[in-house]
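with the input below, show me the fold.
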Amino acid sequence: MDAMDDWKLQPAQDLGLPPGERARSLRRESGLVETCTHLLWRRLVYTYLRVYHRLRVEHPERLPAEPPFVLVANHTSHLDALVLAAPLSRRLADRVFPIAAGDVFFETTPMAIFAASMINALPMWRKSCGPHALKQLRERLVGEPCGYILFPEGGRSRDGQIKTFKAGLGMIVAGTSVPVVPCYLEGCLAALHPESMWPRLGTRITLRIGQPMTFADQPDDREGWQEVTRRLQAAVTGLGRGGEGS
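Numbers count the residues shown, from 1 in each chain. The predicted structure follows:
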């Protein structure tokens, strides 16, 4: 009886929200329909990447089997999040959230619903992203737990050069034992340039996965956030040069 007493049915945190508001909520939860669409979308994307871009994944064994975790990578294309999600287990379809630009993917209600129901993305509003939103992401990452796909540059590079990582990444993981996996994406810029509407079929894409890193030793303050981003940027850059990224 004690075990039964401890178990309580909790309503979904997004229960009762209008569709557009629910799609934009950082506390959004998946129902049966969303789970089915996530699985179908991932299968279609994976097939597309393998057939039309000959996707190659180096060191997939370095990916954590269960949340919490964060995948970070360089960012040059709208294909990036799709490529990072491709090698993840189907069991994680509802538990891994790409963090997407709110002003691009969540500006209109139809686009927000598509980003939520297909990609399972959560919004990050680049012009008004404050500590409260980052705190919510941190709490969900550790407490649920879940996984994030995150691009610390804050926007796509137009020339392939890695831009300076922003400290928001450190605010999410500093002082926690959550593994952060540095990755490097090669070929996404050529496959779908930021100035292009349609991908170039036949362009090969490679995903290099580095050794997971943890930052429990870093204080949850400005100095700790900056050290987290510095170390992760060095790891991603190292993978881009053909190194191990750690």
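
and the gap between the residue most central in space within the chain and residue 179?
What sits nearest the mean C-alpha location of the chain, by Cα atoms, centre = their mean, is residue 149, with 1.1 Å. Residue 149 sits 14 Å away from residue 179, taking Cβ to Cβ, to the nearest Å as the criterion. Quick note: C-beta positions are derived from backbone N, CA and C, even for glycine.

now for the two: what residues contact both?
Applying Cβ atoms under 8 Å, 6 or more residues apart in numbering, one finds that residue 149 and residue 179 are jointly contacted by residue 70.

quick one, phi psi at the nearest residue to residue 183 once chain neighbours are set aside?
Spatially, and ignoring its direct neighbours in sequence, residue 183 is nearest to residue 73 (4.0 Å; Cβ to Cβ, 6 or more residues apart in numbering). Dihedral pair for residue 73: phi -160, psi 170, per degrees, to the nearest 10.

which residues of this protein fall in helices?
2-6, 19-24, 32-52, 80-85, 102-105, 109-114, 131-143, 168-173, 188-191, 222-240 (DSSP state H).

show me which positions of the longest one end up buried.
Right, helix 32-52. By 16 or more other Cβ atoms under 10 Å, the buried positions in helix 32-52 come out as 34, 37-38, 41-42, 45-46, 48-49, 52.

show me how far that helix is from its chain's centre.
Computed by Cα atoms, centre = their mean, to the nearest Å, the chain-centroid distance of helix 32-52 equals 16 Å.

so what touches that helix?
30, 55, 82-83, 85-86, 90, 93-94, 116-120, 199, 201-202, 205.

was I right to think residue 79 contacts residue 191?
Yes. Using Cβ atoms under 8 Å, residue 79 makes contact with residue 191 at a distance of 5.8 Å.

mind checking how far the nearest residue to residue 20 once chain neighbours are set aside is from residue 115?
The spatially closest residue to residue 20, leaving aside those adjacent along the chain, is residue 109, at 3.7 Å (Cβ to Cβ, 6+ apart). When distance is defined by Cβ to Cβ, residue 109 is 11 Å away from residue 115.

more crowded one of those two?
residue 115 (22 against 14; other Cβ atoms under 10 Å).

I'd say the residue nearest to residue 183 and residue 82 touch.
No. In this structure, residue 73 is not within contact of residue 82 by Cβ under 8 Å, at 11.9 Å.

in terms of neighbours, single out the busier of those two.
Ranked by neighbour count (other Cβ under 10 Å), residue 73 and residue 82 place residue 73 first, with 29 against 22.

about what we covered before: deepest of the helices of the chain, which one?
helix 168-173 (a mean of 26; mean count of other Cβ atoms under 10 Å).

packing partners of that one?
Here helix 168-173 touches strand 69-73, helix 131-143, strand 147-150, helix 222-240, going by 3 or more Cβ pairs under 8 Å, 6 or more residues apart in numbering; DSSP states H and E.
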